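*Asks:* quick one: sequence and predicted model below, then my questions.
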Amino acid sequence: MDSITNFLLDYGYWGMLVAAFLAGSFFPFSSEAVMLGLLAMGLKPVPLVVYGTIGNVGGSMFNYYIGSLGKIEWIEKYLHVKKSSLEKAEKFMDGRGAWMGFFAFLPFIGSAITILLGYSRANKAISLLSITTGKLLRYIILIGSVVLAIK
């Protein structure tokens, strides 16, 4: 994992985009570590938030697409998302639909939420809006807290 993180750090904003895509999808990856590393290297906070958000939302929409294929067996077998995680996410969502995409930033169930949004054919536009809002706010809070702590 360290070698991948170092590789992504070498590519600046594009590394942030890739790291965020991986973290937003079902791959176990931490875009926050890359973002903080790039911030420490002197990259500007606003573009980091923009690239991070775009990549992370892209990863979530990839999950949405995979879920829309409608094969829970494939999700478990190939994506290694356990049925118990899907059940937790489904219970958490409890019929609230596309607006629950806001919580896609949560660890452990975030990927399951986006997969279930696709599986349930939740409204794409609302899913995209709610996912983007949650992920954008998370990155703003992360970067903002670091910038304020430095001052």
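*Replies:* All right, it came through fine.
*Asks:* got the contact list for stretch 111-122?
*Replies:* Stretch 111-122 is contacted from outside by 24-26, 60-61, 63-70, 72, 75, 79, 81, 85-86, 88-90, 92-93, 97-98, 100-101, 103-104, 106, 127, 131, using Cβ atoms under 8 Å, 6 or more residues apart in numbering. Just so you know, the C-beta spots here come from the backbone N, C-alpha and C atoms, and that holds for glycine as well.
*Asks:* show me where the chain has helices.
*Replies:* 2-10, 12-24, 31-40, 45-68, 72-79, 83-93, 110-119, 124-150 (DSSP state H).
*Asks:* quick revisit: now list the buried members of the contacts of stretch 111-122.
*Replies:* 24-26, 60-61, 63-64, 66-67, 75, 79, 81, 85-86, 89-90, 93, 97-98, 100-101, 103-104, 127, 131 (16 or more other Cβ atoms under 10 Å).
*Asks:* for residue 63, give its distance to residue 75.
*Replies:* 9 Å (Cβ to Cβ, to the nearest Å).
*Asks:* quick check: closest non-adjacent residue to the residue positioned nearest the centre of the chain.
*Replies:* Central residue of the chain (Cα atoms, centre = their mean): residue 24, 2.5 Å from the mean position. Nearest residue to residue 24 in three dimensions, chain neighbours excluded: residue 59, at 2.5 Å (Cβ to Cβ, 6 or more residues apart in numbering).
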